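1. only the shape, not the letters, is given here:
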Ligand SMILES: Nc1ncnc2c1ncn2[C@@H]1O[C@H](COP(=O)(O)OP(=O)(O)OP(=O)(O)O)[C@@H](O)[C@H]1O
Ligand SMILES: Cc1ncsc1CCO
Ligand SMILES: [Mg+2]
């Protein structure tokens, strides 16, 4: 969605991308992506079956090191060695929930950030209860689509979500995200045409992205994994890391779109673009706007 065709526009983008604290988001995003590439943070992923391939390949393309380690018997030995832990309840089952809880607890005990994706949280009481239990284990970041954040925020058991896809716009969920951030003490991100990120006080909107990302299953799961990689390299600034990861993923989507004929080819060119992002594109094309 960003236009970098003229130098004047690029300068304007940098200007609008500056938040009240004076952060140049394009520069910050490049800094964090460079850190991910240099340090290759190890990210344990307990994620759904649908998303495993895209999550692992997105992390690798960004420079991180994914590990799909699920067994409850491996948590004690493995989780404390990871730089961040990603928990996604997309294909939740009774046998996986103990692993998720154990990994979240082990992460907190080892002072490692863990990140939650509450996929289809309102689909059943089982999912909602599991998710509320996980939120109580203090994730650093929660990223969901608008329907998921609305449902989780109000802990409403009968939302009108259609399942794993959202039936709301991200703007509808900003208040709910702020409320969830305050009650959970997590950074909360709502994806959509604009990805909103809040710590309960501040809200910014990450504008990069293309609508066709919604037509590829598990792009939401993949961007949450990318958030985990970014928080891993800057754990004391999860708000900034979340904004930058969403921006980088959206920008990779925009650049991938130049080579895509539909969702299937975008899935490929998205990963290629994530791998090939350079400083010039990141610094000039990332657009983040503060919410008044
Ligand atoms: N209308 C849109 N325009 C541009 N980008 C969008 C739009 N809607 C979603 N996106 C982007 O698509 C990606 C996935 O977001 P989405 O809200 O579809 O997640 P999700 O529903 O959790 O996906 P999934 O469950 O399939 O993983 C994010 O990077 C988001 O920024
Ligand atoms: C389609 C689907 N069903 C459970 S998880 C998942 C991937 C997108 O969240
Ligand atoms: Mg999702």
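-> Cool, got the structure. In this text, all values refer to a predicted model and were calculated from it rather than measured experimentally. Numbers count the residues shown, from 1 in each chain. Ligands and ions are numbered 1, 2, ... in the order given.

2. show me where pLDDT drops low in the chain?
-> 1-23, 156-162, 292 (pLDDT under 70).

3. now name the helix or strand holding the closest residue to ligand 3 within it.
-> Across the chain, no residue is closer to ligand 3 than residue 220, which sits at 3.4 Å (Cβ to the ion). Heads up, the C-betas are built off the backbone N, CA and C, glycines and all. In the assignment (DSSP states H and E), residue 220 maps to helix 219-233.

4. so, in contact with ligand 2 or not, that helix?
-> Yes. Judged by Cβ under 6 Å from any ligand atom, helix 219-233 and ligand 2 are in contact via 220-221.

5. buried ones in the helix or strand just after that helix, by neighbour count?
-> Using DSSP H and E, the helix or strand that directly follows helix 219-233 along the chain is helix 238-257. For helix 238-257, burial by neighbour count (16 or more other Cβ atoms under 10 Å) applies to 238-257.

6. and the angle from helix 238-257 to helix 219-233?
-> Angle, helix 238-257 to helix 219-233, by axes from the mean of the first three to the mean of the last three Cα atoms, to 10 degrees: 130 degrees.

7. and helix 238-257, how far out from the chain's middle?
-> Put simply, helix 238-257 sits 9 Å off its chain's centre (Cα atoms, centre = their mean, to the nearest Å).

8. around ligand 2, which positions in the stretch 1-150 of the chain sit nearby?
-> The stretch 1-150 of the chain comes close to ligand 2 at residues 48, 50-51, 90-91, 119, as judged by Cβ under 6 Å from any ligand atom.

9. again, only using 5 Å
-> When proximity is defined as Cβ under 5 Å from any ligand atom, the stretch 1-150 of the chain approaches ligand 2 at 48, 50, 90, 119.

10. for the protein, just list every one of the helices.
-> For the chain, applying DSSP state H gives helices covering 7-16, 25-39, 52-62, 75-78, 97-109, 125-135, 146-154, 174-184, 219-233, 238-257, 263-276, 279-285.
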